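In: test case, fold it:
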Amino acid sequence: MSTASPNINLSKNTILVSVDDLQVGEICRSPIDDEIGRLLLGAGTRITTEVIDGLRERGIKDLTVNADEADTLSGRSKGAAVKPKPKIGRDTGHNPGQDPAKWIKGVPLKDALVDRHHEPINQTRRRTLQGHVQQARSKFEEIRLALSERKMQTVEALSDLSGAFASAMVDDHDQTVGEVVACNTEMSLTDRSVKLGVLAMAIGTELDLDGPSVLEIGMAGLLHDIGLYSMNPEFSVPGRGPFSQQETWEYRKHPVVSANSLREVSDIPHAVLLAIEQVHEQYDGSGYPFGLEGKRIHIYARILNVCDTYLRLVLGTAYRKALVPHDALGFILHQARYGLFDAQVIHALLRTKSLFPLGSRVELANGKWADVIRRPIEGYACPVLQLSDGELFDLVENPHEVVQPHCDPQRNQGRLSIEAMQKIRWNPADELFFEEA
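Out: From the prediction side, this is the model:
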């Protein structure tokens, strides 16, 4: 490792610090911009390996930091040589997965997001996210076995995963949400839980929740259907067909079964248990298992409920095509008129995904296809697209270029007309869906 460069003064109050010297776990108290004023690290950003790798990939070797922070960020005490990186558990250190308590309480996680609005999709980051999802599959299998043998003692592994996804989101919110939450041809219970957790963390971030709260939402999302492992195997198949009356009655027990299976686990926060138990409660009181309404439902559960609805709509079944993400979001907005959801959460979902949701594909006026990779800086309708050749296309500058969302036949996707959206009255607490789109 190289040493910091405190001898290079760019101004009276700034010092040049090498990216190689950044200490994992330290926090930027002040925002750090590049030479043309673009934000590199926001105030409150924790230095993680993902943050350091991201800076290196952008060709950034040195950062101009506030002189008061240079020693902390570079791991130097004043007038001393470079010191080793802090160990996990040190008061000033942080490992996103292993030590979620070190996320700053009371500081909105949104303040720490790195601005990458003008950047393309990063392939290294893509591989990292794929690794996180693969790790989740492995951990869920371990948990399934532990539950079946009544040996469930800790959820530390899923706490680590929640922290890893949160760190990835801080480093690049849009790519994390776009790639992890993107619909697949099929979703296992694990895949669906990961998507739910990451989307819920993103909405919580948009609602200005702090780091510890966002991590708890992620844990609740990952664990919310854990009780299905001990129930009828048909219940744990996403996209299943309709239930009989008896099956519906049994299935609606699963939030309570999930929460009860975790009550003896010492490191489960109480808010996570509440969210798991209430995830299928509807804001208008039509949900289950208790028929709670309004703000009697925990905020985590209100967020997870909206995410659950979105994922169910973009997942096809044996008798209904999956909705393209654009229409799924439009359908939720139409249903929100009936008071099914917390309006504040719906607004945050729209800000998180945009009208053309992150990770989806659209057709342009010139006949080309493009992927939605960045949400708009302002508003909902003009995200940033990336063409197949890698070129970026900002709809703010070309607002009339999108013709329609792309229906992928390999994903069994279909459209839903505006007229149909306006006519259908749908309750996600019922295991019923509208006829094939």
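In: where does the residue lying closest to residue 260 once chain neighbours are set aside sit: helix, strand or coil?
Out: Nearest non-adjacent residue to residue 260, counting by C-beta to C-beta, 6 or more residues apart in numbering: residue 227, 7.4 Å away. C-betas here are computed from N, CA, C, even on glycine. Three-state assignment for residue 227 (DSSP: H, G, I helix; E, B strand; the rest coil): helix.
In: how about residue 227, what does it touch?
Out: Each residue near residue 227 by C-beta atoms under 8 Å, 6 or more residues apart in numbering is listed here: 254-261.
In: now these in a markdown table, with pLDDT and distance to residue 315?
Out: Shown next, in a markdown table, are the contacts of residue 227 (pLDDT from 0 to 100; distance: C-beta to C-beta, whole Å):
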| residue | pLDDT | distance to residue 315 |
| --- | --- | --- |
| 254 | 88 | 17 |
| 255 | 92 | 19 |
| 256 | 93 | 24 |
| 257 | 91 | 22 |
| 258 | 89 | 20 |
| 259 | 92 | 24 |
| 260 | 90 | 27 |
| 261 | 85 | 24 |
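In: who's in contact with the nearest residue to residue 364 once chain neighbours are set aside?
Out: Distances taken as C-beta to C-beta, 6+ apart put residue 401 closest to residue 364, at 5.2 Å, once the chain neighbours are dropped. By C-beta under 8 Å, 6+ apart, the contact list for residue 401 reads 364-366, 393, 395.
In: and residue 383, by the same measure?
Out: Counting by C-beta under 8 Å, 6+ apart, residue 383 touches 354-356, 358, 372-376, 395.
In: of all those residues, which two lie farthest apart?
Out: 355 and 373 (14.7 Å; C-beta to C-beta).
In: in the chain, which spans are helices?
Out: 49-57, 67-73, 123-148, 156-171, 173-181, 189-206, 211-223, 245-251, 254-260, 270-278, 299-313, 325-335, 343-353, 418-423 (DSSP state H).
In: ok, back up a step: now the residue nearest to residue 364: how far from residue 391?
Out: Distance, residue 401 to residue 391, by C-beta to C-beta, to the nearest Å: 13 Å.
In: residue ranges with poor pLDDT in the stretch 251-400 of the chain?
Out: Residue ranges of the stretch 251-400 of the chain with pLDDT under 70: 318-319.
In: quick one: which of the contacts of residue 401 is nearest residue 340?
Out: For these, the nearest to residue 340 is residue 395 (29.6 Å; C-beta to C-beta).
In: how about the closest one: what's its closest non-neighbour residue?
Out: residue 382 is the one closest to residue 395 (C-beta to C-beta, 6+ apart), at 3.8 Å.
In: need the contact list for the one you found.
Out: 376, 394-396, 399.
In: try 10 Å this time
Out: Counting by C-beta atoms under 10 Å, 6 or more residues apart in numbering, residue 382 makes contact with 354-356, 375-376, 394-399, 401-402.
In: narrow these to just the buried residues.
Out: Taking 16 or more other C-beta atoms under 10 Å as the criterion, what is buried in the contacts of residue 382 is 354-356, 375-376, 394-395, 401-402.
In: and which of the residues you listed is nearest to residue 68?
Out: residue 375 (33.7 Å).
In: contact partners for the closest one?
Out: Contacts of residue 375 (C-beta under 10 Å, 6+ apart): 117, 173-174, 177-178, 202, 206, 350-358, 382-384.
In: how about the nearest residue to the residue most central in space within the chain, chain neighbours excluded?
Out: Nearest to the geometric centre of the chain sits residue 198, at 2.6 Å (C-alpha atoms, centre = their mean). Among residues not flanking residue 198 along the chain, residue 180 sits closest, at 4.6 Å (C-beta to C-beta, 6+ apart).
In: kindly reformat the helices of the chain as CSV containing distance to residue 412.
Out: Shown next, in CSV, are these (distance: least, C-beta to C-beta, whole Å):
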stretch, distance to residue 412
helix 49-57, 34
helix 67-73, 49
helix 123-148, 21
helix 156-171, 27
helix 173-181, 18
helix 189-206, 16
helix 211-223, 24
helix 245-251, 23
helix 254-260, 26
helix 270-278, 30
helix 299-313, 13
helix 325-335, 13
helix 343-353, 21
helix 418-423, 18
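In: winner for burial among those?
Out: helix 211-223 (a mean of 27; mean count of other C-beta atoms under 10 Å).
In: and the residue nearest to residue 126 when sequence neighbours are not counted, how far from residue 368?
Out: Leaving aside its chain neighbours, residue 126 sits nearest to residue 179 (6.2 Å; criterion: C-beta to C-beta, 6+ apart). As judged by C-beta to C-beta, residue 179 and residue 368 stand 21 Å apart.
In: mind listing what the residue lying closest to residue 153 once chain neighbours are set aside touches?
Out: Counting by C-beta to C-beta, 6+ apart, residue 153 lies nearest to residue 265, which is 6.5 Å off, once chain neighbours are set aside. Neighbour list for residue 265: 146, 152-156, 223, 272-273 [criterion: C-beta under 10 Å, 6+ apart].
In: min pLDDT across those residues, which one?
Out: Ranked by pLDDT, the contacts of residue 265 bottom out at residue 152, which has 67.
In: closest one of the contacts of residue 382 to residue 63?
Out: Closest to residue 63 out of these is residue 375 (26.1 Å), distances taken as C-beta to C-beta.
In: any idea how far the closest one is from residue 388?
Out: From residue 375 over to residue 388 (counting by C-beta to C-beta), the distance is 21 Å.
In: kindly report the same for residue 193.
Out: 31 Å.
In: what residues does residue 364 make contact with?
Out: By C-beta under 10 Å, 6+ apart, residue 364 lies in contact with 370, 385, 387, 393, 395, 398, 401-404.
In: quick one on the thing from earlier: give me the subset of the contacts of residue 383 lying in strands.
Out: 372-374 (DSSP state E).
In: compute the distance between residue 19 and residue 55, please.
Out: Counting by C-beta to C-beta, the gap from residue 19 to residue 55 is 5 Å.
In: what sits in contact with each of those two?
Out: Common neighbours of residue 19 and residue 55 (C-beta under 10 Å, 6+ apart) are 40, 47, 61-63.
In: among the residues you listed, which two are most distant?
Out: 47 and 61 (15.6 Å).
In: neighbour-wise, which of these two wins?
Out: residue 47 (23 against 11; other C-beta atoms under 10 Å).
In: so that one sits against residue 41, correct?
Out: Yes: in terms of C-beta atoms under 10 Å, residue 47 counts as a neighbour of residue 41; the distance is 8.2 Å.
In: how about residue 60, what does it touch?
Out: Contacts here follow C-beta under 10 Å, 6+ apart; on that basis residue 60 touches 19, 34, 40, 52, 54.
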